[in-house]
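return atomic coordinates for the entry below.
(2 chains)
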Number of protein chains: 2
Amino acid sequence: MAERTEIEELGEFGLIDYLTRNITLQNAGTLLGVGDDAAVIDHFGRQTVLTTDLLIEGVHFDLAYTPLKHLGYKSVVVNLSDVYAMNARPSQFLLSIAFSNRFPLEALHEFYEGVYHACENYQTDLIGGDTSSSRKGLIISGTAVGEVAPDRFIRRSTARPGDLICVSGDLGAAYLGLQLLEREKKIHQEHPGVQPDLENQTYLLQRLLRPEARRDIIAFFEEQELVPTAMQDVSDGLSSDLLHICRQSNVGCLLYEEKIPIHDQSRNMALKFGLDPTACALHGGEDYELLFTIRQEDHEKVTLSEQISVVGYLTEPAEGTYLYSKGGKKHALTAQGWNAFRS
Amino acid sequence: MAERTEIEELGEFGLIDYLTRNITLQNAGTLLGVGDDAAVIDHFGRQTVLTTDLLIEGVHFDLAYTPLKHLGYKSVVVNLSDVYAMNARPSQFLLSIAFSNRFPLEALHEFYEGVYHACENYQTDLIGGDTSSSRKGLIISGTAVGEVAPDRFIRRSTARPGDLICVSGDLGAAYLGLQLLEREKKIHQEHPGVQPDLENQTYLLQRLLRPEARRDIIAFFEEQELVPTAMQDVSDGLSSDLLHICRQSNVGCLLYEEKIPIHDQSRNMALKFGLDPTACALHGGEDYELLFTIRQEDHEKVTLSEQISVVGYLTEPAEGTYLYSKGGKKHALTAQGWNAFRS
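Model (predicted):
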């Protein structure tokens, strides 16, 4: 090959755009393809959503501090989160793993205990997969299938100026859990005798190692007959993920720093590390919360849930994408979320 | 962990059995789960099949002699082969890849050219996936979705004693293509100046590097209103794959060596390498042909296709699983197919 373009010049999303730019769909049943949390297939009265995620040792997780049971659980949850982000209900799951001979059966047993536990919790059937050896490390590929009533799935591309921006739960905790574990790993490497100091950090660790998907929020929407105008899950960080909605819906946004929900443990840990808690929430990623937009007239409905925060509103595209800081300044929002191609 | 059981003690299928032994299905729509080429989901009038496969550099392919475009094509085809093996028609495809920074964009472009070409050839929509970095090497995970009319999907577990065993095409060529390329690679490593001698071996190379899935056989079944009693694709080798049908259907079998279809190029190459052509066909794997069983009264129908060979018949389970050799001896069939856990 004569030319050589480094992938990092494009970034992950630039790469996806590039690789998928010429897709033409051939099946009438394919309602939605690449570019959302999951694809949508029409099945004569019900619609099916499909989504898939890769988890690779050394890139997405570190077995030095990740219990295999939690990793199995998380491998399911990260996919189910994408199903919920379509306003769908997960129903089936396929799991492929590849592993080197350093893993004994007992390790796989533990991993699958977590997988089955998640499947049971979320009433999802494990229906298939593939197992293989790897040259090095553990490789996990999950594919989730979900169901949604006809045309009730929610895209990223259908938000409008004036809509309110909402997030579930709180943000930044998984990132801070990661910082904490990375610090303890380093200390342990330098001083093998020292025990890790993880007391009172259960929340941060659980958010990183064993996250849950926000099924309760989808149930709340149904109870309240609330239909978000756009939705996705927060996997790369609020900033990066909100910019997806803005780009795909062709809108601007104004986010209020003071409205961004941050857990006390996250805030304290951020300060301990000398990090800005807001930056952790904006760019941390792996929160698996739901980010969605609603019409202004639905504002009262979301106030009924303590699990939902209104964090800003959408604007005309020409107005740009901004964060309004506590200090009263407007900062341009940037996508500094987890970038798989930056080392 | 106190215990340590090496995975190779179980083998791939023992491992799958172990890991899936406690599955209980929770969704009424899940018609068929783990243990076949693909899972089956009911969708109000149509049924959906789902199947997924991992391809890992250094385990499943060697980029020293695998053109990326062909690899992209094959990544789709190996999954579609599983869909056809259910008697279904592929409709959608999800593709995840992870790659290290040694791959420039041009390499991914080539790979995706092959992916799109296969999707176009097989009228299948690429609807999603995931991209990620890897620590080392290229990792590919494909998931195919297919459609089948209600209860027309064909399992591995429904064959009966007396049924005829049939295979499409010919067997062993992909394995011999692999032997050829491995030999040339070794020669090239030892004598970098020597050009590879691959003349007149197009068939073997194409079978390994750019296989096709047997859509034509499924179309033939429909034309002839022929419904196999059991079916699967030949990915691990005729012997290993036929033993799956025998085990899952609780039947024995008698295979006739002289009936096993072997291409002239395969036979010649096997002899050049000092290999038994029959052993290559039985244990070689990666043929992506269809192995299926039919009722005796359907025998005449299959004789209408030059692409189908009758290679034996099923017996009562107590009669065991045997190959009747050209020399008139009975040999116990063994699963020596590609074993991911034997190094």
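
could you chop chain A up by domain?
Taking automatic domain parsing as the criterion, chain A consists of the domains A:28-148, A:164-332.

now do the longest one: distance from first to last residue.
For domain A:164-332, the first-to-last residue distance is 19 Å (Cα to Cα, to the nearest Å).

now the strands: where do they sit in the stretch 101-250 of chain A?
With strands called from DSSP state E, counting those that start in this stretch, the stretch 101-250 of chain A shows them at A:125-133, A:139-148, A:164-168, A:230-234.

okay, those in CSV with mean neighbour count, distance to A:Glu9 and mean pLDDT next?
Just so you know, the C-beta spots here come from the backbone N, C-alpha and C atoms, and that holds for glycine as well. Listed next are the strands of the stretch 101-250 of chain A as CSV, based on neighbours: other Cβ atoms under 10 Å in any protein chain shown; distance: least, Cβ to Cβ, whole Å; pLDDT from 0 to 100:
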stretch, mean neighbour count, distance to A:Glu9, mean pLDDT
strand A:125-133, 24, 32, 81
strand A:139-148, 27, 26, 91
strand A:164-168, 24, 30, 98
strand A:230-234, 26, 25, 94
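
tell me the mean pLDDT over the helix or strand encompassing A:Ser96?
For A:Ser96, the host element (DSSP states H and E) is strand A:89-99. Average pLDDT, strand A:89-99: 88.

okay, it in CSV with CA atoms only?
Presented in CSV, the C-alpha positions along strand A:89-99 are these (Å, rounded to 0.1, in the frame of the first residue of the first chain):
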residue,chain,number,x,y,z
ARG,A,89,-36.6,-4.2,26.3
PRO,A,90,-33.7,-6.7,26.0
SER,A,91,-34.7,-10.2,25.2
GLN,A,92,-31.7,-12.2,24.0
PHE,A,93,-27.9,-12.1,24.2
LEU,A,94,-25.1,-13.7,22.3
LEU,A,95,-21.6,-13.9,23.8
SER,A,96,-18.3,-14.8,22.2
ILE,A,97,-15.1,-15.1,24.1
ALA,A,98,-11.5,-15.9,23.2
PHE,A,99,-8.9,-16.6,25.8
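
helices or strands up against that strand?
helix A:68-84, helix A:105-121, strand A:125-133, strand A:139-148, strand B:39-43, strand B:46-56, strand B:139-148 (3 or more Cβ pairs under 8 Å, 6 or more residues apart in numbering or on different chains; DSSP states H and E).

how far is it from where the chain is centred?
Put simply, strand A:89-99 sits 17 Å off its chain's centre (Cα atoms, centre = their mean, to the nearest Å).

got the helices and strands packed on strand A:89-99 as a markdown table, with distance to B:Phe273 columns?
As requested, the helices and strands packed on strand A:89-99 are exported to a markdown table (distance: least, Cβ to Cβ, whole Å):
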| stretch | distance to B:Phe273 |
| --- | --- |
| helix A:68-84 | 42 |
| helix A:105-121 | 36 |
| strand A:125-133 | 25 |
| strand A:139-148 | 33 |
| strand B:39-43 | 39 |
| strand B:46-56 | 25 |
| strand B:139-148 | 29 |
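
out of those, which gets nearest to B:Glu297?
Closest to B:Glu297 of those, according to Cβ to Cβ: strand B:139-148, at 23.6 Å.

so A:Phe220 versus A:Thr51, what's the distance?
21 Å (Cβ to Cβ, to the nearest Å).

which one's more surrounded, the two?
Just comparing A:Phe220 and A:Thr51: by other Cβ atoms under 10 Å in any protein chain shown the higher neighbour count belongs to A:Thr51, 30 against 18.

surely that one and A:Val78 touch.
No: contact status for A:Thr51 versus A:Val78: not in contact, 9.4 Å apart, counting by Cβ atoms under 8 Å.

give me the contacts around stretch A:240-253.
For stretch A:240-253, the external contacting residues (Cβ atoms under 8 Å, 6 or more residues apart in numbering or on different chains) are A:13, A:35, A:155-161, A:163, A:165, A:230, A:232-235, A:255, A:283, A:285, A:291, A:293, A:312-322, A:333, A:335-338.

so which of the residues you listed also contact chain B?
The overlap between the contacts of stretch A:240-253 and the neighbours of chain B (Cβ under 8 Å from any Cβ of the partner chain) is empty.

out of those, which end up buried?
Neighbour counting by 16 or more other Cβ atoms under 10 Å in any protein chain shown classes A:13, A:35, A:155-157, A:159, A:161, A:163, A:165, A:230, A:232-235, A:255, A:283, A:285, A:291, A:293, A:312-315, A:321-322, A:333, A:335-338 among those as buried.

and the closest residue to A:Leu171 other than its chain neighbours, how far is that from chain B?
Leaving aside its sequence neighbours, A:Leu171 sits nearest to A:Ala281 (Cβ to Cβ, 6 or more residues apart in numbering or on different chains; 3.8 Å). A:Ala281 sits 23 Å away from chain B, taking Cβ to the nearest Cβ, to the nearest Å as the criterion.

A:Ala281 belongs to a helix, doesn't it?
Yes: counting by DSSP: H, G, I helix; E, B strand; the rest coil, A:Ala281 is located in a helix.

got a list of what it touches?
By Cβ under 8 Å, 6+ apart, the residues touching A:Ala281 are A:170-172, A:237-238, A:260-262, A:266.

now neighbour count and distance to A:Ala88 too, for these, in JSON lines please.
Below are the contacts of A:Ala281 laid out as JSON lines (neighbours: other Cβ atoms under 10 Å in any protein chain shown; distance: Cβ to Cβ, whole Å):
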{"residue": "A:Asp170", "neighbour count": "21", "distance to A:Ala88": "24"}
{"residue": "A:Leu171", "neighbour count": "30", "distance to A:Ala88": "23"}
{"residue": "A:Gly172", "neighbour count": "32", "distance to A:Ala88": "27"}
{"residue": "A:Gly237", "neighbour count": "26", "distance to A:Ala88": "23"}
{"residue": "A:Leu238", "neighbour count": "28", "distance to A:Ala88": "22"}
{"residue": "A:Ile260", "neighbour count": "20", "distance to A:Ala88": "27"}
{"residue": "A:Pro261", "neighbour count": "18", "distance to A:Ala88": "25"}
{"residue": "A:Ile262", "neighbour count": "18", "distance to A:Ala88": "29"}
{"residue": "A:Ser266", "neighbour count": "26", "distance to A:Ala88": "29"}
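
deepest in the core, which of the domains of chain A is it.
Neighbour counts (mean count of other Cβ atoms under 10 Å in any protein chain shown) averaged over each of the domains of chain A peak at domain A:28-148, with a mean of 22.

helix or strand, whichever it is, which one in chain A has the lowest mean pLDDT?
Within chain A, confidence by mean pLDDT, DSSP states H and E is lowest for strand A:30-32 among all helices and strands, at a mean of 57.

ok, now how distant is the residue lying closest to A:Leu304 once chain neighbours are set aside from A:Tyr324?
Nearest residue to A:Leu304, sequence neighbours excluded (Cβ to Cβ, 6+ apart): A:Gln224, at 6.7 Å. Taking Cβ to Cβ as the measure, A:Gln224 falls 28 Å from A:Tyr324.

ditto for A:Arg215
Taking Cβ to Cβ, one finds A:Arg215 at 32 Å from A:Tyr324.

report pLDDT for the residue nearest to A:Gly114 when sequence neighbours are not counted.
The shortest distance from A:Gly114 to any non-neighbouring residue, by Cβ to Cβ, 6+ apart, is to A:Gly72 (2.7 Å). Note on A:Gly72: pLDDT of 95.

many thanks, have a good one.
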